[in-house]
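1. just the structure for this:
(chains A and B)
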Amino acid sequence: MNATPYADLFRSESREQLAAVNRALLDLEAHPGDLAPVHELFRAVHSLKGMSASMGYTGVAAFAHEMEGLLERVRAGALPVRDGLADVLFSAADALDAGVECAIAGSAEPPALSEALTRLRALAAPAPTDDERVDDGPGVLVRVRQCSGTVFPGVRAFMVLQKARALGLSPNDPQSEALLGWAQMLQEKYDEALMNFQKVLMREPANALARINVGYICLKKKIFGEAIEHLSKAIRLDNDKKATLYAHFYLGLVYLEREMYEDAQTFFRKTLALGPNLIEAHYELGRAHWYNGERDEAKQAWSTGHATNKFNPWGKRCAEVLQTVEAGGEPPRTP
Amino acid sequence: MPTVLICDDAIFMRTMVGDILQRAGFEVVGQAGTGAQAVEQYKRLRPDLVTMDIVMPDMGGLDAVREIMAFDPNAKVLMCSAMGQQALVVEAIQAGAKDFVVKPFQPSRVLEAVQRVLG
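-> Coordinates of the predicted model:
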């Protein structure tokens, strides 16, 4: 939206928030064991982030986001209030102040911003990596992934039903109902599919696969709140590695759809950590970077996707989208 | 004319959201800068819609949603979040919020979400 009418309001309120940042820092320095100043710092920096983003001051907003991330870790007890933290935060606050002033004046970002960013990142210990991999387990899971553009999706759905019959599953067996729901999902009969998955969940509330499918249907029906609720619950259940993997992937899709690109990236990266062969996640990670203005990272994600499996349909799509953007085009808005 | 209570600790954000909603025909009946003010004003004004920031002083948006929903299970609360807050958004929805929008606000996104919330 046009932010010009709000420039004066931004100017006065950003100064108030910066003053709150400085007050909280002085408080933290005087009482290093007290978390209240950290909470206040977080709140003020968070407000500055939202306001700057609304004005289109992306450099300041990104810096505030990094600062907020560090403060969040201090709040959570993951990063101790130790020697050097206050110094780094003071220099970050100064840089934020300078960044806001430059943004208001319409001048280039001050060098202090990138210098302070380097210090912030150096202080934050690297996040632990999760190299857990998905192994095939026992059971009757029939994996049918419908790629965008797949011909005869109904035929494929029929094949799933045939497979279910071949497995001899009884009609009221939750696994059978789940398969039926899956087949209906592939045919885009979302309401019928939802009914079958809900039947499964009534009998087996901890059935994470049924839950992620409900989450996926909610995503398709654009009921994002419910989608997040089901997918997050599947992640918390964490009783089925494949369900956990797809819960992360679908959550990435929800956030991509809602244009929360950094959150989408986080979930696609986690998806790839859990299941490196899910090439579709490389493709979507690339889109999440591209729409966030990170074009080099987007190309890197698509290159990696193609290199991981160039024969996979999504590996091929990674190559196609790379060609498109190299020729000056845009990646498709829909998957 | 539907009524709305706007809750955010930044006057700047309240003004922006208020302008979007007023242009769409809403009447802004109240503004709150803390969670506690949000709860107090909800009880007094009973608006058709509440927009709720998550990070606020005194009482945060999550606790405010819980208190509002306990007071009125039919309350229509739309969360306003910033990037990097997915866990809090999930908690808010579990607490009874109906949907969320992300800063920076795009008027079309805000109005789509409002329509979904008001059904």
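2. could you look up the SS state of the residue nearest to the spatial centre of chain B?
-> In chain B, the centroid-proximal residue (C-alpha atoms, centre = their mean) is B:T51; its distance is 1.5 Å. Three-state assignment for B:T51 (DSSP: H, G, I helix; E, B strand; the rest coil): strand.
3. hang on, it packs against B:L78?
-> Yes - applying C-beta atoms under 8 Å, one finds B:T51 in contact with B:L78, separated by 5.1 Å. For the C-beta atoms, the positions are set from N, CA and C on the backbone; glycine is no exception.
4. how about the residues of chain B by chain A?
-> B:9-13, B:15-16, B:20, B:55-57, B:82-84, B:86, B:89-90, B:93-94, B:97-100, B:102-107, B:109 (C-beta under 8 Å from any C-beta of the partner chain).
5. about what we covered before: check contacts around the residue nearest to the centre of chain B.
-> B:V4, B:L5, B:I6, B:C7, B:D8, B:V17, B:L21, B:V77, B:L78, B:M79, B:C80 (C-beta atoms under 8 Å, 6 or more residues apart in numbering or on different chains).
6. show me which pair in those is furthest apart.
-> Greatest spatial distance in the contacts of B:T51: B:L21 and B:M79, 15.0 Å, computed using C-beta to C-beta.
7. who has more neighbours out of those two?
-> B:M79 (29 against 22; other C-beta atoms under 10 Å in any protein chain shown).
8. now do the contacts for the more buried one.
-> Applying C-beta under 8 Å, 6+ apart, the residues near B:M79 are B:T51, B:M52, B:I54, B:G61, B:V65, B:V89, B:A92, B:I93, B:A97, B:D99, B:F100, B:V101.
9. A strand includes it, no?
-> Yes - counting by three-state DSSP, B:M79 is located in a strand.
10. ok, the residue lying closest to it once chain neighbours are set aside to B:A32 distance?
-> Excluding the flanking residues, the one nearest B:M79 by C-beta to C-beta, 6 or more residues apart in numbering or on different chains is B:F100, at 4.0 Å. For B:F100, the distance to B:A32 equals 18 Å [C-beta to C-beta, to the nearest Å].
11. now do A:A288
-> From A:A288 across to B:A32, the span is 34 Å (C-beta to C-beta).
12. also A:P331?
-> For A:P331, the distance to B:A32 - C-beta to C-beta - is 41 Å.
13. neighbour-wise, which of these two wins?
-> Ranked by neighbour count (other C-beta under 10 Å), A:P331 and B:A32 place B:A32 first, with 26 against 19.
14. can you tell me how far that one sits from chain A?
-> 14 Å (C-beta to the nearest C-beta, to the nearest Å).
15. next: B:L49.
-> Distance from B:L49 to chain A, by C-beta to the nearest C-beta: 15 Å.
16. beta-bridge partners for that residue, please?
-> Beta-bridge partners for B:L49, by DSSP bridges, are B:V4.
17. inside helices: which ones of the residues of chain B next to chain A?
-> Taking DSSP state H as the definition of helices, these contribute B:11-13, B:15-16, B:20, B:86, B:89-90, B:93-94, B:107, B:109.
18. which residues touch B:P47?
-> Here B:P47 is in contact with B:T3, B:V4, B:L5, B:V29, B:G30 (C-beta under 8 Å, 6+ apart).
19. run through the stretch 1-150 of chain A and note the low-pLDDT ranges.
-> Scanning the stretch 1-150 of chain A for pLDDT under 70 picks out the ranges A:1-3, A:83, A:124-150.
20. pull up the residues of it that are close to chain B.
-> Neighbours of chain B within the stretch 1-150 of chain A, by C-beta under 8 Å from any C-beta: A:1, A:6, A:9-10, A:13-14, A:17, A:40, A:42-43, A:46-47, A:49-51, A:53-54, A:56, A:65, A:68-69.
21. these in strands, which ones?
-> Among those, no member falls in strands (DSSP state E).
22. in helices, which of these appear?
-> A:9-10, A:13-14, A:17, A:40, A:42-43, A:46-47, A:49-51, A:53-54, A:65, A:68-69.
23. kind regards, and thank you for your time.
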